[in-house]
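Visitor: build the 3D model from these lines:
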Amino acid sequence: MVRATIAIHGGAGTITRTSMDAKAEQRYRQALMQIVASAQAMLASGASALDAVTEAVRLLEECPMFNAGVGSVFTHQATHELDACVMDGRTLEAGAVAGVSHIRNPVLAARAVLEHSPHVLFTGAGAESFAAAQGLEMVAADFFSTPGRRKQLERAQNQQKVVLDHDEARSGEPLDPDRKMGTVGAVALDSAGNLAAATSTGGMTNKQVGRVGDSPLPGAGCYASDTVAVSCTGTGEVFIRTLAAYDVAALMNYGGLSLQQATERVVMEKIPQLGGSGGLIAIDRQGNVLLPFNSEGMYRGYGVVGEAPVAAIFREEY
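Guide: Down below sits the predicted model:
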């Protein structure tokens with residue numbers, strides 16, 4: 001019997017224990033638990049894996065604590081450029097958008113591309129025109145802005161760097177946002193045995209306008225087949241160069257590795273060898289769930305239908 005399962009992530013990076021605020025930690029845990037529980041309820045009612053991951057990521061986009069949708073980081077020009085991808089493991093269909101600034105929920109636009117276009121990836125103005133034509137909600141560019149992200153941009157510009165990592169803990173949060181790979185994602189196995197994955201991001205603080213990372217690229221930051229569903233978070237350029245999400249599936253299909261062996265090979269060996277860091281979440285068709293990361297922490301949660309949801313942040317937790 002298939003046990004329908006959902007797993008989500010909200011970014012990986014460095015834990016700042018010395019400045020950790022217990023209330024902030026609790027807010028993150030509660031948000032993760034609520035989103036997992038919502039997706040569990042969908043799967044319990046017979047929803048498809050594709051619907052469950054789409055909704056889970058939409059909820060993550062609506063939560064300003066994560067770097068996707070509301071609360072996305074700023075580019076060097078103090079603008080927002082958002083990316084998202086969804087993939088259906090049953091059909092290998094995928095849809096993605098990149099570099100969008102006016103679509104409230106990029107993951108819904110990616111889903112619309114999957115369902116209503118012969119293409120896989122739209123960028124910029126073309127993606128926004130397509131989304132508007134599909135009736136998706138469009139917003140002003142500053143809809144995604146938050147004061148905390150503005151301060152983060154100012155710090156990055158003062159240091160003249162593109163921020164994935166930062167040497168000083170500033171936030172009082174369990175995962176310093178200056179040291180967080182801010183992508184969100186979800187993977188699911190539904191009661192019919194189908195797999196799906198979705199990934200969404202606001203990119204990197206102070207990044208050059210036009211930069212696209214791994215998140216909207218099927219096979220790099222997001223992948224689903226009838227073997228495994230994967231969503232990644234980390235150093236995007238390295239995840240692109242290694243085709244990290246697809247590599248997990250390839251190691252399983254062609255190398256005969258288990259889900260644990262495949263994810264460990266990618267996250268703990270291949271990514272670090274190229275100077276990358278981060279993690280991923282993955283579910284295979286047997287319902288096994290892995291959430292490995294090589295950074296000090298990763299916002300993550302999972303839930304099997306009929307069981308209590310689980311949320312974690314630190315390395316010593318599951």
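Visitor: which parts of the stretch 201-318 of the chain are strands?
Guide: Using DSSP state E, counting those that start in this stretch, the strands found in the stretch 201-318 of the chain span residues 222-224, 228-234, 278-284, 289-290, 297-304, 310-314.
Visitor: chain center to the shortest one, what's the gap?
Guide: In this case it means strand 289-290. Strand 289-290 has its C-alpha centroid displaced from the chain centroid by 15 Å (CA atoms, centre = their mean, to the nearest Å).
Visitor: now do the longest one
Guide: Taking CA atoms, centre = their mean, one finds the center of strand 297-304 at 12 Å from the center of the full chain.
Visitor: which stretches of this protein aren't confidently modelled?
Guide: In the prediction, the chain carries residues with pLDDT under 70 at positions 14-20, 153, 156, 159-173, 175-181, 318.
Visitor: one step back: what's the most buried one of the strands of the stretch 201-318 of the chain?
Guide: Of all the strands of the stretch 201-318 of the chain, strand 222-224 has the most neighbours on average by mean count of other CB atoms under 10 Å, namely a mean of 35. From N, CA and C alone the C-beta is placed, and that goes for glycine too.
Visitor: packing partners of it?
Guide: If contacts are counted by 3 or more CB pairs under 8 Å, 6 or more residues apart in numbering; DSSP states H and E, strand 222-224 sits against strand 82-88, strand 195-201, strand 228-234, helix 244-253.
Visitor: now with 10 Å, please.
Guide: Packing partners of strand 222-224 (3 or more CB pairs under 10 Å, 6 or more residues apart in numbering; DSSP states H and E): helix 49-61, strand 82-88, strand 93-100, strand 183-189, strand 195-201, strand 228-234, helix 244-253, strand 278-284.
Visitor: for the ones you listed, which one sits closest to Glu296?
Guide: Minimum separation from Glu296 across the helices and strands packed on strand 222-224 (CB to CB) falls at strand 278-284, 10.6 Å.
Visitor: how close does the nearest residue to Gln152 once chain neighbours are set aside get to Glu81?
Guide: Counting by CB to CB, 6 or more residues apart in numbering, Thr205 is the residue found nearest to Gln152 once chain neighbours are left out, at 5.2 Å. Look at Thr205 and Glu81: by CB to CB, to the nearest Å, they are 12 Å apart.
Visitor: cool, thanks, signing off.
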